[in-house]
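In: Need a 3D model of the sequence below.
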Amino acid sequence: MNNFINLIHIENSLYCLNDIAEKLICSKNIKEYIKKINNKKCIKGNYYISKEDMIIILSKCKTDIGKQYLEYINNQDKPTENDIKVEKDNTKHITTKEELQSKIDNRKYIDNGTNEIIYNNNRILYFEYNEVLYLRAKDVCDLLGYTNCADIINKHIDKEDIFLFDNIGNGGSKTRSLFPNDNLKNIDTKNIFTIDIDEGVDIYQNEILQLPYDDLPEYINHIPKESKKDIEEIKKIKLMLEKKINKTINSRTVFINESGLYALILSSKMPEAKKFKHWVTSDVLVSIRRSGSYSRVYNGTLYDEVKLKELENIPCVYLIHVKDSLYKFGQTRQSLRRMNEHKKNLSYNEIIKIFEFPTLDLAMNVENRIKKYTMNAKIRKYIEEGVEFFEINKDYSIERIIKDINTMVDTEISIHEKKINISKLDSLAFIENIRLDEYDKLITIEKEKTKQAELDIRKKELDIRKHELELELLKLKENKPHQPIDINIKPKTKKCADCGDMIYKKSTRCHKCLTKFRLNTAIKVNNRPTLEQLEAELNNHTYVNVGRKYGVSDNTIRSWIKQYKKYN
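Out: Next up, the predicted model:
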């Protein structure tokens, strides 16, 4: 690792991109590689990038030295055993395993995975509805050391501060008495609005607080009679809580709001109560509101094994809640396998949302948008398990981030659809051009057929006219008087000067001898080589070289040889 100290040149806290491309990436074309990198800065003729951009590049690097240098960079940010106090560098946004583990060791934290507030190994179930935080009353009483929860709630908590998932029916529907009080028999329940959400569910008696109030219908803070959407949201909240704690919650379990919580804390005589109150007001409530309660149903989708199998081979971008305020995102086409890997390596709490895409390129584009978004917002986190992490804060809650990611998804899909429409228009135009070409070809063929037909007609007319002329000529010959043919042929009376064959009187040589004579004359006059010379030279040289010697082409040499052989 010491060899890495001066491996990459650093200028103004920026890392030399030229060194990275040459020594770590081992690029064969450094100039072309540098052109593809964004956010680079030119200093003294070389390009430089930030440490965050370098880590992103090295996380995708396939060379061994690149992976080793990434490990070296990450190890620089780890706290050592001799460090008494570790000051977190906000400019690096690094969250180590030690920081995550410290939150668990303190035993005072919020577990959004199970929707529980943990305080000294005591667990308080909570949820949020209509921006009001509710906590299970029995859990609060157990933490504060109360033995009779019903009496304490009756004595210290106002009726407006209680919430139930109630099971009393509307109007004349069948009801079940929650409290053993005879006065309930005379209560008119026709105008009481309740929600029946646990029909057929077994009741856990240890979770029910028996409150002996005669004015039960007025005491319980029932849900206002609103739309079906509110009813469905309450049902989803209850089902979500049951899924997280792996236990059925009876609809009559008592939950209290913040005001009821403060009333119980102030009434407690335990020394730990004040500390708990301070921790809740200064940290817990702020953290829950900052991060957004995880009990909210963002899209109503349950990402179980069946749903993940349905997403196999579909390009997706996933968003999972790891722990506390830490979240992870990424893209994949193997959702089930990837979620199983993250469950094993990260032990994440829950899958927040999975965005589906028609192509892998779109999923990768959205993933890159999220990377830039989290980096610009300064919530990006780099830990040992990877770089695709972020941590929510008061400015960037999970609700805001999901809303912004939805905008990114809509933007990318809109761009993709526009490209598809443009491609369709181009295809239609191309098809139309093909049709026009075919139409032009058909017209040309028809014109040629018409022209050929006209030519055929003209030819027939000419043939007829020719035949008529031949008949007329034949008639004229028949009518012409017969004249004697002169059969006297001039005799050959002279011999050839070279071969002795008989020739006409005015000739000197026969045709063959005359051609041979002319050839020999041309050889003497033009200093043309003989057949023997040409054949001797062609044994050692090509036609082109021999022709070059005599200032003629190779074909001329071939013509000479042909003439020599013909007349010799």
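
In: the helices in the stretch 351-500 of the chain, which residues?
Out: Assigned helices in the stretch 351-500 of the chain, in chain order: 360-376, 398-479 (criterion: DSSP state H, counting those that start in this stretch).

In: quick one: what helix or strand has K269 in it?
Out: In the assignment (DSSP states H and E), K269 maps to no helix and no strand.

In: about what we covered before: identify, out of the helices of the stretch 351-500 of the chain, the most deeply packed stretch.
Out: Burial of the helices of the stretch 351-500 of the chain is given as mean neighbour count (mean count of other C-beta atoms under 10 Å); helix 360-376 ranks first at a mean of 17. Glycine gets a C-beta too; all of them are placed from N, C-alpha and C.

In: Can you tell me what sits against that one?
Out: 52, 56, 315-317, 329-331, 333, 355, 357, 380, 388, 390, 404-405, 408-409, 412-413, 416 (C-beta atoms under 8 Å, 6 or more residues apart in numbering).

In: now could you export just the CA positions of that helix as PDB?
Out: Listed next in PDB are the C-alpha coordinates belonging to helix 360-376 (Å, rounded to 0.1, in the frame of the first residue of the first chain):
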ATOM      1  CA  LEU A 360     -31.800  -1.600 -19.500                       C
ATOM      2  CA  ASP A 361     -30.400   1.700 -20.900                       C
ATOM      3  CA  LEU A 362     -33.300   3.600 -19.200                       C
ATOM      4  CA  ALA A 363     -32.600   1.900 -15.900                       C
ATOM      5  CA  MET A 364     -28.900   2.800 -16.100                       C
ATOM      6  CA  ASN A 365     -29.800   6.400 -17.000                       C
ATOM      7  CA  VAL A 366     -32.000   6.800 -14.000                       C
ATOM      8  CA  GLU A 367     -29.400   5.200 -11.800                       C
ATOM      9  CA  ASN A 368     -26.800   7.800 -13.000                       C
ATOM     10  CA  ARG A 369     -29.400  10.600 -12.400                       C
ATOM     11  CA  ILE A 370     -29.800   9.400  -8.800                       C
ATOM     12  CA  LYS A 371     -26.000   9.300  -8.400                       C
ATOM     13  CA  LYS A 372     -25.700  12.900  -9.500                       C
ATOM     14  CA  TYR A 373     -28.700  13.900  -7.500                       C
ATOM     15  CA  THR A 374     -27.400  12.500  -4.200                       C
ATOM     16  CA  MET A 375     -23.900  13.900  -4.900                       C
ATOM     17  CA  ASN A 376     -25.300  17.400  -5.600                       C
END
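
In: what's the average pLDDT for it?
Out: Here helix 360-376 scores 93 as its mean pLDDT.

In: Stretch 12-21 too?
Out: Stretch 12-21 comes out with an average pLDDT of 88.

In: Now that stretch: buried residues?
Out: For stretch 12-21, the neighbour count (16 or more other C-beta atoms under 10 Å) marks 14-21 as buried.

In: Next step: those restricted to strands.
Out: 14-16 (DSSP state E).

In: would JSON lines of those residues with distance to I422 be doable?
Out: Shown next, in JSON lines, are these (distance: C-beta to C-beta, whole Å):
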{"residue": "L14", "distance to I422": "40"}
{"residue": "Y15", "distance to I422": "40"}
{"residue": "C16", "distance to I422": "41"}
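
In: for the residues you listed, which one is nearest E242?
Out: Y15 (50.6 Å; C-beta to C-beta).

In: Could I get the phi/psi values of E131?
Out: Main-chain torsions, E131, degrees, to the nearest 10: phi 60, psi 20.

In: repeat for I124
Out: Taking degrees, to the nearest 10, you get phi -120, psi 120 for the backbone angles of I124.

In: Kindly report the same for C26.
Out: phi 60, psi 50.

In: can I assume it is in contact with K62?
Out: No. Counting by C-beta atoms under 8 Å, C26 does not reach K62; the two are 9.3 Å apart.

In: The two: which is more packed in?
Out: C26 (14 against 8; other C-beta atoms under 10 Å).

In: contacting residues for the residue nearest to the more buried one when sequence neighbours are not counted?
Out: For C26, ignoring the flanking residues on the chain, the nearest one in space by C-beta to C-beta, 6 or more residues apart in numbering is T63 at 5.2 Å. Going by C-beta under 8 Å, 6+ apart, T63 touches 24-26.

In: tell me which of the ones in strands among the buried residues of stretch 12-21 is nearest to Q452?
Out: C16 (75.8 Å).

In: count of residues packed around the closest residue to the closest one other than its chain neighbours?
Out: Leaving aside its chain neighbours, C16 sits nearest to H9 (4.1 Å; criterion: C-beta to C-beta, 6+ apart). Per other C-beta under 10 Å, the neighbour tally for H9 reads 14.

In: And H9, what's its pLDDT?
Out: 87.

In: Now do it against T63, distance only.
Out: According to C-beta to C-beta, to the nearest Å, H9 and T63 sit 19 Å apart.

In: got it, and I398?
Out: I398 sits 37 Å away from T63, going by C-beta to C-beta.

In: Kindly report the same for H342.
Out: For H342 relative to T63 (C-beta to C-beta), the value is 26 Å.

In: And for K31?
Out: In terms of C-beta to C-beta, K31 sits 19 Å off from T63.

In: ok, now K459?
Out: For K459, the distance to T63 - C-beta to C-beta - is 79 Å.

In: what do you get for E32?
Out: Separation of E32 from T63 (C-beta to C-beta): 17 Å.

In: One more: D53?
Out: From D53 to T63 the distance is 18 Å (C-beta to C-beta).

In: now I55
Out: 15 Å.

In: now swap in R548 and tell me
Out: 59 Å.

In: before we move on, what about S553?
Out: 61 Å.

In: go on, Q533?
Out: Counting by C-beta to C-beta - Q533 and T63 are separated by 71 Å.

In: Can you add distance to K562 and give the buried residues of stretch 12-21 back as a markdown table?
Out: As requested, the buried residues of stretch 12-21 are exported to a markdown table (distance: C-beta to C-beta, whole Å):
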| residue | distance to K562 |
| --- | --- |
| L14 | 81 |
| Y15 | 79 |
| C16 | 76 |
| L17 | 73 |
| N18 | 70 |
| D19 | 74 |
| I20 | 73 |
| A21 | 68 |
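
In: Of the residues you listed, which pair is most distant in space?
Out: Between any two of these, the greatest separation by C-beta to C-beta is 14.6 Å, found for L14 and A21.

In: Now do the buried residues in stretch 516-524.
Out: 516, 519, 523.

In: D437: which of the residues you listed is nearest?
Out: L519 (60.2 Å).

In: hang on, the closest one packs against K565?
Out: No. Here L519 does not reach K565: they are 11.4 Å apart, not a contact under C-beta under 8 Å.
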